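**Q** Kindly return the folded structure for what I paste below:
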Amino acid sequence: MTDETSPILLWFRRDLRLSDHPALSAACSSGRPVIPVFLLDEVAEGLGAAPKWRLGLGLEHFAGRLEEKGSRLILRRGKALEQLQRLVEETRASAVWWSRLYDPESVARDTKVKSELKAAGIDARSFGGHLMFEPWTVETGEGNYYKVFTPFWRTVSTRVVEEPLRAPARIPAPNGWPDSETLADWQLGTAMNRGAVVMLAHQRVGEEAAVNRLDYFTDALIDRYRRDRDIPGKDATSGLSENLALGEISPNRCWYAAERAREGGADEAATFQKELVWREFAYHLMHHTPRLVSGNWREDWDAFPWNEDERRAEVWAWKKGRTGVPFVDAGMREMYVTGRMHNRVRMIVASYLTKHLMCHWRIGQKWFEDCLTDWDPASNALGWQWTAGSGPDAAPYFRVFNPETQREKFDPDSRYVSRWIAEGQRSPGKDALSYFDAIPRRWAMGPGDDYPKPVVGLKEGREAALAAYSNRAG
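**A** Presented below is the predicted three-dimensional model:
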């Protein structure tokens, strides 16, 4: 078997789509057999409960899409390098291709895999597709990376985004397929327990669902995006975060859909494009400063006196959505029922934990890693650090969101709070009640409970945070 006829192992990770997939397009254009592979490897095994469960849903759907193209998804569990080496031997493949990832753990794995496979004479090659702009291609005039979003936006907003690629008509199959494990045996949803049943109704799984949601958003919502996107009680955002996280849709496709809407007169489409670039900025920072995901981006914050005791009653009240602050609790409950949380509310929830409760942002980051079906390593880390004050921001210490004034501004009719908090309502709605079906039974909570008093006074919490932040700044 020559290199021209030997199979290409196409290693899928967070790119579960057929269209606008550079690695897949290149493999199908080569004329060689293509063997799609997914590995439950050392990186995937470390996913939290909700993102791992959501990954299982995405893999099940994607496997069906591959079968429609005359292909199939080969599943293997184990260390990435070992499994790829075995598949190369079994299939006599001469190439292993994949789409790039940028978090430190994936970079370390991929660097080792590429080095070892190349040393063995295998064509190990990585492709873009997860981002619109590779992080190393965006530089300041001095050749450095960007530390502030606004100049980053100005630089990339005038760049040409590559047009989305079409899905292949068919995927060339090998003469014989290697053995595959089964998704059911992996039990990716085990840690979700009973929460999976509740959360399932709120997932939009697969490329088709993502495209439908994008079409709806650009047709009906995007021209009100700038005005309404901060109002959590409205359906005003794209809802595509879970699909972008698993690569069920590409950012390029989202960009061009917004561009068409803008050309059609939807001026606010540019605001959505700016949010897509914020995601790029998060990856830009993570690439150049990998500590973003595990330590303070501003290293001089290492001595800041955050509380790191996760066993505190206040922390558990925050995790359970029982702080006594309705806007905060509603956000946490939305996350347990849907796997997502409105972006405005995420900032308020994060600010409350890191400032009113003076807890380390890593506590919240790790909790979100376990609970969000749209978990993204770069966006989650940047969001927490930006809100906490340890991330890229000129003067962050005095930004302490007041949850009550935020609720008055962005949820004046209490539509959002009422949707998610059952206590105190005579006839709570389905979503508010679903929270009690989703949470662990050991929390022993029910809709008839009294709503708690605030675990900390908002004024007292703010003053304590400002004092600590001002002392640090001084």
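**Q** only C-alpha atoms for contact and neighbour calcs from this point on.
**A** Fine.
**Q** tell me the mean pLDDT for stretch 23-40?
**A** Regarding stretch 23-40, the rounded mean pLDDT is 98.
**Q** And it, what's buried?
**A** For stretch 23-40, burial by neighbour count (16 or more other C-alpha atoms under 10 Å) applies to 23-25, 27-28, 32-40.
**Q** Let me have these in CSV, extended by distance to Glu207 and secondary structure.
**A** What follows is the buried residues of stretch 23-40, written out as CSV (distance: C-alpha to C-alpha, whole Å; DSSP: H, G, I helix; E, B strand; the rest coil):
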residue, distance to Glu207, secondary structure
Ala23, 17, helix
Leu24, 15, helix
Ser25, 16, helix
Ala27, 20, helix
Cys28, 19, helix
Arg32, 25, coil
Pro33, 23, coil
Val34, 20, strand
Ile35, 20, strand
Pro36, 17, strand
Val37, 18, strand
Phe38, 17, strand
Leu39, 20, strand
Leu40, 21, strand
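**Q** Show me what counts as buried in the helix or strand bottoming out on mean pLDDT in the chain.
**A** Across the helices and strands of the chain, the lowest-confidence element by mean pLDDT, DSSP states H and E is helix 458-473, at a mean of 76. The neighbour-count check on helix 458-473 (16+ other C-alpha under 10 Å) flags Leu458, Gly461, Arg462, Ala464, Ala465, Leu466, Ala468, Tyr469 as buried.
**Q** Next: stretch 276-292.
**A** 276-288, 290-292.
**Q** Which one of the residues you listed is nearest to Arg92?
**A** His287 (34.0 Å; C-alpha to C-alpha).
**Q** list the helices and strands the helix or strand that contains the closest one packs on?
**A** Using DSSP states H and E, His287 falls within helix 269-288. In terms of contacts (3 or more C-alpha pairs under 8 Å, 6 or more residues apart in numbering; DSSP states H and E), helix 269-288 is packed against helix 149-156, helix 225-228, helix 251-263, helix 377-388.
**Q** right, and the helix or strand after that helix?
**A** Following helix 269-288 in sequence, per DSSP H and E, is helix 313-320.
**Q** per the record, what domains does this structure have?
**A** Domain ranges of the chain: 1-129, 131-161+197-288, 299-473, per automatic domain parsing.
**Q** Specify the stretch among the ones you listed that is closest to Trp177.
**A** So among the domains of the chain, domain 1-129 is nearest, using C-alpha to C-alpha, at 7.8 Å.
**Q** And the strands in this protein?
**A** Along the chain, the stretches classed as strands by DSSP state E are 8-12, 34-40, 74-77, 95-99, 123-127.
**Q** among the helices and strands packed on helix 269-288, which is the most enclosed?
**A** Mean neighbours per residue, mean count of other C-alpha atoms under 10 Å, is largest over the helices and strands packed on helix 269-288 for helix 377-388, with a mean of 23.
**Q** Can you show me the CA trace of that helix as PDB?
**A** Extracted in PDB, the C-alpha atoms of helix 377-388 (Å, rounded to 0.1, in the frame of the first residue of the first chain):
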ATOM      1  CA  PRO A 377     -11.500  26.500  28.400                       C
ATOM      2  CA  ALA A 378     -10.500  30.000  27.100                       C
ATOM      3  CA  SER A 379     -13.800  31.800  27.400                       C
ATOM      4  CA  ASN A 380     -14.500  30.400  30.900                       C
ATOM      5  CA  ALA A 381     -11.100  31.300  32.200                       C
ATOM      6  CA  LEU A 382     -11.100  34.800  30.700                       C
ATOM      7  CA  GLY A 383     -14.700  35.500  31.900                       C
ATOM      8  CA  TRP A 384     -13.800  34.600  35.500                       C
ATOM      9  CA  GLN A 385     -10.500  36.500  35.500                       C
ATOM     10  CA  TRP A 386     -12.000  39.600  33.900                       C
ATOM     11  CA  THR A 387     -14.800  39.700  36.500                       C
ATOM     12  CA  ALA A 388     -12.500  38.900  39.400                       C
END
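**Q** what residue ranges in the stretch 301-450 of the chain are flagged as low confidence?
**A** 394-398 (pLDDT under 70).
**Q** Just the helices from it, written as ranges.
**A** For the stretch 301-450 of the chain, the helices defined by DSSP state H, counting those that start in this stretch cover 313-320, 326-338, 343-351, 361-371, 377-388, 403-410, 415-420, 430-438.
**Q** closest to Asp300 out of those helices?
**A** helix 377-388 (13.2 Å).
**Q** on that earlier part again, among the buried residues of helix 458-473, which two are most distant?
**A** Leu458 and Tyr469 (16.3 Å).
**Q** and Tyr146, how far is that from Trp153?
**A** 10 Å (C-alpha to C-alpha, to the nearest Å).
**Q** Revised request: answer the last question for Pro440.
**A** 42 Å.
**Q** Same check on Leu382?
**A** Taking C-alpha to C-alpha as the measure, Leu382 falls 16 Å from Trp153.
**Q** before we move on, what about Pro403?
**A** For Pro403, the distance to Trp153 - C-alpha to C-alpha - is 29 Å.
**Q** what's the answer for Ser180, then?
**A** Ser180 is 44 Å from Trp153, by C-alpha to C-alpha.
**Q** what do you get for Glu181?
**A** 44 Å.
**Q** Please name the nearest non-neighbouring residue to Thr237.
**A** Of all residues beyond its chain neighbours, the one nearest Thr237 is Arg229 (5.7 Å), with distances taken as C-alpha to C-alpha, 6 or more residues apart in numbering.
**Q** Same check on Thr289?
**A** Trp297 (7.5 Å).
**Q** what residues are up against the one you found?
**A** Contacts for Trp297 were tallied using C-alpha atoms under 8 Å, 6 or more residues apart in numbering; they are Thr289, Arg291, Gln385, Ser390, Gly391, Pro392.
**Q** hmm, 7 Å instead?
**A** By C-alpha atoms under 7 Å, 6 or more residues apart in numbering, the contact list for Trp297 reads Arg291, Ser390, Gly391.
**Q** Closest to Glu308 out of these?
**A** Ser390 (15.2 Å).
**Q** residues contacting the closest one?
**A** Contacts of Ser390 by C-alpha under 7 Å, 6+ apart are Asn296, Trp297, Arg298, Trp301.
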